[in-house]
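A.B. asks: got a predicted model here, sequence first, then my questions.
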Amino acid sequence: MLRTGLNPYGLTYYLGLQGAGTPRANPDPKGLEGFIALADELGGKTLEIWEGWLEKLGPDDLAALRVRLEGLGMTPVVSSGLQHGNIEACIRAAITLNAKTIRFALTPVLCGDRNAWGAKWYELVSIVHSRLADWALRAAEHGLTLVIENHQDFTSHELVNFCNEAGPNVGIVYDTGNSFPVGEAPLDFTQVIAPHVRHVHLKDYRVQFTEEGFRLVRCAIGDGAVPLAEIAAILSQHHQHLTAVLEPGALEARHVRLFTPGWWRGYAPREAETLAACLLAAQRNRLLPDADYRTPWEREADGELVDYELAMIRRSAANMKSIGLM
């Protein structure tokens, strides 16, 4: 059911995105070429391409890339962000690449922590409403679908409301690891958004409980708490085919401090059962409280990062192939 490939966000050091412009930047970044080569090695069928690479390509380069991806049997997806992305550039790139889908992260909020942004959170939400309405119309003129991601900021019902408000060419790119940061269980989240899903980010986390909540720790996809086969089964009730990509989590753990009262500011009241389901789901394959959760990036062991990222993406691909999701 899934046509699974890669996006760059689980390989940020290898590809040169992590630490770019700082003393910790990868001295040998592989960039777009290395990204395509790795996707081909893994048998990828979808390639989600970062806007920052595409904006450097002229029309002839984009046309050549289209032919190359067609030859490799990869479906392109253009990837950007709603707060800082360039919709016109994304549309031009999508048309030339024959991509039908443009992915947008909606806000920079992480760990579900709306409270950390204070009043700015409500400004971000207002921008999402106005910009999504405008950009959906522009994309519709070209037969394109905008997909909005659950990027550790919005709940399942809030995302569905955005889709209903913006129109039929707006759907959801479902990050399977990102229901935990808003206090929802993966299967509950999936049931709500499934009819609106148009693209999937396969992500997994191991959960480590803390005094303030829990920490989401990067792991190979299939080794963590997310019930991926069950999620795919729910999605298959609504879709024959979906594009999907592997995306191991960020190189920095996400600390969701939902045991603290302040974290809940900005959320609507909810039933206690929904939080209980989230906490129960997080028990699967959890890390012990005293386990070292740090990645090489967090330990400042930069010399280990390339091997770490490559080993994790290859194990993720093997795990997904073993359950028929790649």
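C.D. replies: In hand now; what should we look at? Please read all numbers here as calculations on a predicted model, not as lab measurements.

A.B. asks: okay, buried residues for stretch 63-77 please.
C.D. replies: Within stretch 63-77, the residues scored as buried using 16 or more other CB atoms under 10 Å are 65-66, 69, 74-77. (Glycine included, C-beta is placed from N, CA and C.)

A.B. asks: looking at the residues you listed, which is nearest Ala105?
C.D. replies: Nearest to Ala105 out of the buried residues of stretch 63-77 is Val77 (CB to CB; 13.2 Å).

A.B. asks: how about the closest one, secondary structure?
C.D. replies: Classification of Val77 using DSSP: H, G, I helix; E, B strand; the rest coil returns strand.

A.B. asks: before we move on, the earlier item: same list, the buried residues of stretch 63-77, but as JSON lines with pLDDT please.
C.D. replies: Converted to JSON lines, the buried residues of stretch 63-77 look like this (pLDDT from 0 to 100):
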{"residue": "Leu65", "pLDDT": "98"}
{"residue": "Arg66", "pLDDT": "98"}
{"residue": "Leu69", "pLDDT": "98"}
{"residue": "Met74", "pLDDT": "98"}
{"residue": "Thr75", "pLDDT": "98"}
{"residue": "Pro76", "pLDDT": "98"}
{"residue": "Val77", "pLDDT": "98"}
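
A.B. asks: for this structure, longest helix please?
C.D. replies: helix 120-140 (DSSP state H).

A.B. asks: avg pLDDT for that one?
C.D. replies: Per-region confidence: helix 120-140 scores 97 on mean pLDDT.

A.B. asks: for that helix, packing partners?
C.D. replies: Here helix 120-140 touches helix 87-97, strand 145-149, helix 156-166, going by 3 or more CB pairs under 8 Å, 6 or more residues apart in numbering; DSSP states H and E.

A.B. asks: tell me the most buried of the ones you listed?
C.D. replies: Counting by mean count of other CB atoms under 10 Å, strand 145-149 has the highest mean neighbour count of these, with a mean of 23.

A.B. asks: neighbouring contacts of that strand?
C.D. replies: Here strand 145-149 makes contact (CB atoms under 8 Å, 6 or more residues apart in numbering) with 82, 100-106, 132, 135-136, 139, 159, 162-163, 166, 169-175, 178, 198-199, 201.

A.B. asks: for stretch 126-143, same thing?
C.D. replies: Identification of contacts with stretch 126-143 by CB under 8 Å, 6+ apart yields 82-83, 87-88, 91, 94-95, 100, 102, 106-107, 145-146, 148, 162, 165-167, 169-170.

A.B. asks: what comes up buried for it?
C.D. replies: Quick answer for stretch 126-143 (16+ other CB under 10 Å): 128, 131-132, 135-136, 139-140.
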